[in-house]
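[1] Sequence and predicted structure are below.
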Amino acid sequence: MGGRTGCGIGYEGVPLPALPTSEARRSARARWGITDDSPLLGCVGVLASDKGQQWLVEALPALRAEFPHCKLLLAGDGPARHDLEKQAKELAAQDAVIFSGFVKEIESVYAALDIFLFPSMFEGLGTSLLSAMSYGTPSIAFARCAFGEIIENEKSGLLVESSSASQIQQATVRLLRDKSLAQNIGRAARQRIGEKFSADKMVDAMLRLYDESLRS
């Protein structure tokens with residue numbers, strides 16, 4: 001549904017939410033202790049080695065050399081949490097990583113973020129990426145599976161080489177340095193979800209498929 005991914009699995013649509021107000025964004029950021037001068041990066045998903053959060057933690061020291069107040073919010077829990085906490089401590093970045101655990105009101109994550117990072121090595125459904133884009137959040141993903149079907153590189157997001165902390169760091173720095181680029185990518189991302197990957201679009205596509213099947 002919504003086209004096939006490079007991994008052979010289709011995508012489901014996501015709702016297109018109202019954009020958070022300035023007040024809602026401040027409230028969401030306050031939940032995680034984030035002030036306006038702290039760039040907030042985020043990832044939503046199970047904490048597991050194949051989800052790639054280790055590359056985000058590895059990228060933090062170089063990011064913080066230029067943006068010392070930068071924080072990383074890892075929303076979710078899973079078997080890799082202990083290893084990720086250990087990695088952050090070894091890199092002296094434990095104060096920069098927020099391990100939120102499971103978050104029921106997940107909209108409070110998307111509303112708070114400046115940049116969404118999606119380092120998954122394999123994903124059947126890129127639902128969290130689709131959701132972040134639906135909030136107009138500029139996103140960075142590895143150029144693998146069919147994430148290129150979701151993100152139009154350099155237009156509605158940035159695609160980087162797989163398993164590369166340095167490329168994640170470089171792409172993130174681009175967006176943090178160039179706010180106009182980040183805003184344009186965020187707007188294009190939300191537009192792409194509305195046009196291609198919204199829940200309404202997927203329902204319409206399924207109804208057309210049913211209708212065609214009944215007519216054949």
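    Noted; the coordinates are in hand. Here the structure is a predicted model, which means the values were calculated and not measured. Numbering: from 1, shown residues only.
[2] where do the strands sit along this structure?
    40-44, 71-75, 97-101, 115-118, 139-142, 158-160 (DSSP state E).
[3] want to throw the ones you listed into TSV with mean pLDDT?
    Listed next are these as TSV, based on pLDDT from 0 to 100:
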stretch	mean pLDDT
strand 40-44	98
strand 71-75	98
strand 97-101	97
strand 115-118	98
strand 139-142	96
strand 158-160	97
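[4] Pipe these into TSV and attach mean neighbour count per row.
    The way it works is simple: take the backbone N, C-alpha and C, and place the C-beta from them, glycine included. Converted to TSV, the strands of the chain look like this (neighbours: other Cβ atoms under 10 Å):
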stretch	mean neighbour count
strand 40-44	24
strand 71-75	24
strand 97-101	16
strand 115-118	26
strand 139-142	26
strand 158-160	22
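[5] looking at those strands, which is closest to residue 52?
    strand 139-142 (7.0 Å; Cβ to Cβ).
[6] Count the neighbours of residue 173 for me.
    17 (other Cβ atoms under 10 Å).
[7] Would you confirm that it contacts residue 59?
    No. Judged on Cβ atoms under 8 Å, residue 173 makes no contact with residue 59 at a distance of 9.6 Å.
[8] so where's the protein shaky on pLDDT?
    1-12, 124-125, 199-216 (pLDDT under 70).
[9] where exactly do the helices run in it?
    Secondary structure of the chain by DSSP state H: the helices cover 22-31, 53-66, 81-90, 107-110, 127-134, 147-150, 165-177, 179-192, 199-215.
[10] and among those helices, the most buried is which?
    Highest mean neighbour count among those (mean count of other Cβ atoms under 10 Å): helix 127-134, with a mean of 25.
[11] what does that helix contact?
    11-17, 42-45, 106, 110, 113, 116, 118, 123, 139, 141, 147, 150-151, 156-157, 189-190, 192-194, 197-198 (Cβ atoms under 8 Å, 6 or more residues apart in numbering).
[12] Output it as CSV, restricted to C-alpha atoms.
    Only the C-alpha atoms of helix 127-134 are listed here, as CSV (Å, rounded to 0.1, in the frame of the first residue of the first chain):
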residue,chain,number,x,y,z
THR,A,127,6.4,5.1,10.5
SER,A,128,8.5,7.3,12.8
LEU,A,129,10.2,8.9,9.8
LEU,A,130,6.8,9.5,8.2
SER,A,131,5.5,11.0,11.4
ALA,A,132,8.4,13.3,11.9
MET,A,133,8.1,14.6,8.4
SER,A,134,4.4,15.1,8.9
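[13] quick one: the nearest residue in space to residue 107 that is not next to it in sequence and residue 29, what's the gap?
    Leaving out its chain neighbours, the residue that sits closest to residue 107 by Cβ to Cβ, 6 or more residues apart in numbering is residue 17, at 6.9 Å. Separation of residue 17 from residue 29 (Cβ to Cβ, to the nearest Å): 17 Å.
[14] center of this structure - which residue?
    The centroid of the chain falls nearest to residue 116 when counting by Cα atoms, centre = their mean (3.4 Å).
[15] give me the beta-bridge partners of it?
    With DSSP bridges as the criterion, residue 116 is bridged to residue 42, residue 139.
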